[in-house]
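> need coordinates for the following:
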Amino acid sequence: MTEEETKSIREMCDAFGVTPRTLRFYEAKELLFPQRDGQKRLFTKRDGARLKLILRGKRFGFSLEEIRQLLDLYHIGDQQVTQLSRTYEIACDRLDDMVRQRDELNEAIEELQDQLKWGEKVIASMKLEQKAAE
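Next up, the predicted model:
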């Protein structure tokens, strides 16, 4: 593989907005497999595609173990039917979780807004009483 077909750790960081520590972490977790040239890590297009999927999975709340399992399904030879089906199942579960979390957050926001309105009224009332007493 030529040098033009690979990226250095710095180029990967710049391209994907991650830190070198992040890339080393994903390598240690066996999610990325850069080539070694002495101390240098050289990342292939395949590594770039995997990193893109890792970052997307993390953004959607997939665990690293789920991401690893999904990436490993790429090579089972069924034209990614199993990989895509499993990804779809996990994504549906994550969406359900996210909707539930959003609903809980909306409920908490409404409750806090109500408490703030009550607080405004109490403070205003107390200030009026204070002025009247002066």
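> for stretch 65-72, buried residues please.
By neighbour count on 16 or more other Cβ atoms under 10 Å, the buried set for stretch 65-72 is 66, 67, 68, 70, 71. In short, each C-beta sits where N, CA and C put it, glycine included.
> contacts for that stretch next, please.
29-31, 50, 53-54, 57-58, 62, 83, 86-87, 90 (Cβ atoms under 8 Å, 6 or more residues apart in numbering).
> longest single helix anywhere in the protein?
Determined from DSSP state H, the single longest helix within the chain is helix 81-133.
> and that helix, what other elements does it pack with?
In terms of contacts (3 or more Cβ pairs under 8 Å, 6 or more residues apart in numbering; DSSP states H and E), helix 81-133 is packed against helix 64-72.
> can you show me the CA trace of the helix it packs on as PDB?
Extracted as PDB, the C-alpha positions of helix 64-72 are listed here (Å, rounded to 0.1, in the frame of the first residue of the first chain):
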ATOM      1  CA  LEU A  64     -18.200  -0.100  22.000                       C
ATOM      2  CA  GLU A  65     -19.000  -3.800  22.300                       C
ATOM      3  CA  GLU A  66     -22.100  -3.400  20.000                       C
ATOM      4  CA  ILE A  67     -20.000  -1.500  17.500                       C
ATOM      5  CA  ARG A  68     -17.300  -4.100  17.500                       C
ATOM      6  CA  GLN A  69     -19.800  -6.900  17.000                       C
ATOM      7  CA  LEU A  70     -21.400  -5.000  14.100                       C
ATOM      8  CA  LEU A  71     -18.100  -4.300  12.500                       C
ATOM      9  CA  ASP A  72     -17.100  -8.000  12.800                       C
END
